[in-house]
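In: Here is a sequence with its predicted model. Questions after.
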Amino acid sequence: MRVLDKSWWLTGVYGPHRDVDKPGFLQELRDIRDIHAGPWVVVGDFNQIVNPEDKSNLRLHRGLMARFHRLLADLDLKELYLAGRRFTWSNERQNPTLERLDRVLSSVDWEALLPNAYLSALSTATSDHCPLLLDLEADLR
C-alpha cells in the first residue's frame, strides 16, 4: 500500500505599507518559492492589489499592480475565491476607501491536494480588516 504525501507549505505574510518596499517583498516571495518546492499556499495581508476591481476608487498604482500580477503568473499562483465579501479592508472614513488587501494564494498542486478548500470572510468590530476563514475540508453539497 502506498501512502500519499499530503504535506504542503504555508507562508503567512504581512506586506509592507510603503510603496518603495513592495518590490522587495515580492522578490522575497519569489525567493521563498525557490527554496520550497511542492504544494504551497500564501495567506495574509499583502497591502497591495492585483486588479482595479480590488479597490473602490480609481486611485491606483498600476506599476505595483502589474508587478503583483506578474508574480502570480510567474509563480503560477491562483487566488482562492472569497465568499461573502468583495473587499477585506476599509479606511473607516465617512466616505471610505475599500480594498481587497487580504488574500489566499495557492499553487496548482496545493489546490489539487485540497480541492474542497473554501475561503470565507467573517465580520469584526475590532479591526479595519475582516478576518478570513480557510476551511480545508469544506462540505460544499
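Out: Nice, I can see it. Numbering: from 1, shown residues only.
In: got the CA coordinates for the host helix or strand of Met65 in CSV?
Out: Assigned by DSSP states H and E, Met65 belongs to helix 62-74. Output in CSV follows, covering the C-alpha atoms of helix 62-74 (Å, rounded to 0.1, in the frame of the first residue of the first chain):
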residue,chain,number,x,y,z
ARG,A,62,-0.7,50.4,-11.9
GLY,A,63,3.0,49.7,-11.8
LEU,A,64,2.7,47.9,-8.5
MET,A,65,-0.4,46.1,-9.6
ALA,A,66,1.5,44.9,-12.7
ARG,A,67,4.4,43.6,-10.6
PHE,A,68,2.0,41.7,-8.3
HIS,A,69,0.1,40.3,-11.3
ARG,A,70,3.4,39.2,-12.9
LEU,A,71,4.5,37.5,-9.6
LEU,A,72,1.2,35.5,-9.6
ALA,A,73,1.8,34.4,-13.2
ASP,A,74,5.5,33.6,-12.8
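In: for whichever helix or strand comes after that helix, packing partners?
Out: Beyond helix 62-74 in the direction of the C-terminus, DSSP H and E gives the next helix or strand as strand 77-79. With contacts taken as 3 or more CB pairs under 8 Å, 6 or more residues apart in numbering; DSSP states H and E, strand 77-79 sits against helix 62-74, strand 102-107. Any C-beta I mention is one placed from the backbone N, CA and C, and that applies to glycine too.
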